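Participant: Predicted structure and sequence below. I'll ask about it afterward.
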Amino acid sequence: MPDPLTVTGVTVTPVAFPDPPLLNSAGVHQPWALRAIVEVRGTDGLIGLGETYGDAPHLALLHRVAAGLTGLDVFDIAALTRHVEAAVGAADAPDRHGLTGGSSTAKTVARVLSPFEVAFLDLQARAIGRPVYALLGGKARDEVPFAAYLFYKWAAHPGAEPDEWDEAVDPDGIVAQARKMIDRYGFRSIKLKGGVLPPEEEIAAIQALRAAFPEHPLRLDPNCAWTVDTSLRVAEQTAGLLEYLEDPTPGIPGMARVAARAPMPLATNMCVVSFADLPQAVAEGAVGVVLADHHYWGGLAASARLASICETWGIGLSMHSNSHLGISLAAMTHLAAATPHLAYAVDTHSPWQCGVDVVEAPLSIVDGTVTVPDTPGLGVTLDRDALARMHEDYQRCGIRERDDTAYLRQFQPDYEKRRPRW
Ligand code: GKR
Ligand code: MG
């Protein structure tokens, strides 16, 4: 019997990286996006990596968990889960922007568990010299397709220099952004983040995208900015244009009313965000596609379980993204590689990172896909200089929680987050 591989230490490092002024139904992205990098060291000297949100309440819970992990068997995810449940207790650390569903202790446990589970799997896989996808059931595809994720945006954060992505506040701006992103990365699917302008203007943007990119599947995601009636009107006017319409309206009952008459499937990362949401969503026929996201579904294995449930109930599977770095991109790639049911190109904010990363050689998107790494673990290595720099940026940037609404209010004091708005 070989010696067990146990945890000898855990480090949680908050980092910040520049984020362009991307608009959504909650407000606008702040100048810095926050992440937390989790490193789990094992008795064999190897290190497993995880990445998650960097907001202060979440960070406090990560530190609480990290403090008690030494000595745990790296192959015992059940013990890790029990430890996280005990450390989180009754705490509830929701996302303030509310773009990934509501809050509860169970959801908080899932969010806090995720980066540790990913780091444990990375460590397990490194220890046996196999890629993480091998622990998730094996590789169903060699390349994972990702989608061009377009945003309405300002040219610059107020008072700052313009970023490399230009202003996009109308159909021409959105088409120009799509061209630039597709020229650089070769994406073959397009998602437009909506819920920013009146629906007619967003329909016009979709029509312009269809004219400019006749072959690319299109998605529109207004993050619950519309009433049921508005959603039905938009659905009718975009019939034949969208592969799915994402979270047009709040709540499972509202989504079910839209789904009953919409000509395209409805997708969600807002009304089905935990296992407890699934029975009602299935019973009411509210969604045709669920967006998995290992960061809040409780990790990679839990996301694979979600995939099986969706397959059983005839629900499609796509993948959600928030601002992220290269450890998350690698984790998303391994999950997608090992999930045959994932039929849609995966969302990613990668192009919005503008080249900043915590890993030495980030996986790259070429022809719209990431080639699944066959090297041990997640296949990415921490760049310690970058980690130190990005931690300094975190300390200096003054932002401790993502709050798109409060940031927009600095420039539009009468701005209110209303969902639905139209
Ligand atoms: O980055 O502004 C954003 C997105 O709106 C993100 O926060 C959402 O959670 O991408 C997400 C979505 O699909 O709803
Ligand atoms: Mg969404």
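Facilitator: All right, it came through fine. Ligands and ions are numbered 1, 2, ... in the order given.

Participant: I figured residue 310 hits residue 290, correct?
Facilitator: Yes - proximity of residue 310 to residue 290 meets the contact threshold set by CB atoms under 8 Å, at 5.5 Å. In short, each C-beta sits where N, CA and C put it, glycine included.

Participant: Now the common contact residues for the two.
Facilitator: Jointly contacting residue 310 and residue 290 under the rule CB atoms under 8 Å, 6 or more residues apart in numbering are 316, 317.

Participant: Looking at those two, which has the bigger crowd around it?
Facilitator: More crowded of residue 310 and residue 290, by other CB atoms under 10 Å: residue 290, with 27 against 23.

Participant: Moving C-terminal from the top helix by length along the chain, which element do we reach first?
Facilitator: Across the chain, the longest stretch assigned as helix under DSSP state H is helix 105-128. Next helix or strand after helix 105-128 toward the C-terminus (DSSP states H and E): helix 132-135.

Participant: I'd like to know which elements whichever helix or strand comes after that following helix is packed against.
Facilitator: Counting by DSSP H and E, the next helix or strand C-terminal to helix 132-135 is strand 143-145. Judged by 3 or more CB pairs under 8 Å, 6 or more residues apart in numbering; DSSP states H and E, strand 143-145 is in contact with helix 326-337, strand 369-371.

Participant: Please see if the first one touches ligand 1.
Facilitator: The one in question is helix 326-337. No - Helix 326-337 is not in contact with ligand 1 by CB under 6 Å from any ligand atom; minimum separation 12.7 Å.

Participant: how about the nearest residue to residue 6 once chain neighbours are set aside, what does it touch?
Facilitator: Using CB to CB, 6 or more residues apart in numbering and skipping the chain neighbours, the partner closest in space to residue 6 is residue 43 (5.2 Å). If a contact means CB under 8 Å, 6+ apart, then residue 43 has 3, 4, 5, 6, 8 as its contacts.

Participant: Any chance of the residues you listed in JSON lines with distance to residue 199, neighbour count and pLDDT as columns?
Facilitator: Shown next, in JSON lines, are the contacts of residue 43 (distance: CB to CB, whole Å; neighbours: other CB atoms under 10 Å; pLDDT from 0 to 100):
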{"residue": "3", "distance to residue 199": "61", "neighbour count": "7", "pLDDT": "76"}
{"residue": "4", "distance to residue 199": "57", "neighbour count": "13", "pLDDT": "81"}
{"residue": "5", "distance to residue 199": "54", "neighbour count": "20", "pLDDT": "94"}
{"residue": "6", "distance to residue 199": "55", "neighbour count": "17", "pLDDT": "97"}
{"residue": "8", "distance to residue 199": "54", "neighbour count": "14", "pLDDT": "98"}
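
Participant: and which of those is nearest to ligand 2?
Facilitator: residue 5 (37.4 Å; CB to the ion).

Participant: close enough to count as contact, that closest one and residue 41?
Facilitator: No - using CB under 8 Å, residue 5 makes no contact with residue 41, being 10.7 Å away.

Participant: related to what we said a few turns ago, could you tell me the model confidence score at the residue nearest to residue 6?
Facilitator: We have a pLDDT of 93 for residue 43.

Participant: One more: the one 10 residues further on?
Facilitator: The confidence metric pLDDT takes the value 96 at residue 53.

Participant: Does it touch residue 38 like I think?
Facilitator: No - Residue 53 is beyond contact range of residue 38, at 11.3 Å (criterion: CB under 8 Å).

Participant: What angle do helix 326-337 and the longest helix of the chain make with each other?
Facilitator: Inter-element angle recorded for helix 105-128 and helix 326-337: 90 degrees (by axes from the mean of the first three to the mean of the last three CA atoms, to 10 degrees).

Participant: Mind splitting the protein into its structural domains?
Facilitator: 7-130+384-397+405-409, 134-371 (automatic domain parsing).

Participant: now the ones you listed as JSON lines including distance to residue 416?
Facilitator: Conversion of the domains of the chain to JSON lines gives the following (distance: least, CB to CB, whole Å):
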{"stretch": "domain 7-130+384-397+405-409", "distance to residue 416": "8"}
{"stretch": "domain 134-371", "distance to residue 416": "12"}
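
Participant: residues in contact with residue 357?
Facilitator: Counting by CB under 8 Å, 6+ apart, residue 357 makes contact with 17, 325, 326, 383, 386.

Participant: so which of these comes closest to ligand 2?
Facilitator: The nearest member of the contacts of residue 357 to ligand 2, counting by CB to the ion, is residue 325 at 19.6 Å.

Participant: Show the contacting residues for the closest one.
Facilitator: Residue 325 makes contact with 15, 17, 35, 37, 51, 353, 356, 357, 358, 359, 362, according to CB under 8 Å, 6+ apart.

Participant: Ok, residue 282 next?
Facilitator: By CB under 8 Å, 6+ apart, the contact list for residue 282 reads 313, 315.

Participant: May I ask which helix or strand encompasses it?
Facilitator: helix 278-284.

Participant: Tell me the buried residues in that helix?
Facilitator: Across helix 278-284, burial judged by 16 or more other CB atoms under 10 Å covers 278, 281, 282.

Participant: Spatially nearest residue to the second one (excluding sequence neighbours)?
Facilitator: It stands for residue 281. residue 272 is the one closest to residue 281 (CB to CB, 6+ apart), at 4.8 Å.

Participant: Distance check, the one you found against residue 287.
Facilitator: Noted for residue 272: a distance of 6 Å to residue 287, by CB to CB, to the nearest Å.

Participant: Find residues that contact each of these two.
Facilitator: residue 281.

Participant: OK, contacts around the nearest residue to residue 160 once chain neighbours are set aside?
Facilitator: Counting by CB to CB, 6+ apart, residue 31 is the residue found nearest to residue 160 once chain neighbours are left out, at 6.8 Å. The contact partners of residue 31, taken as CB under 8 Å, 6+ apart, are 18, 19, 21, 157, 160, 397, 399.
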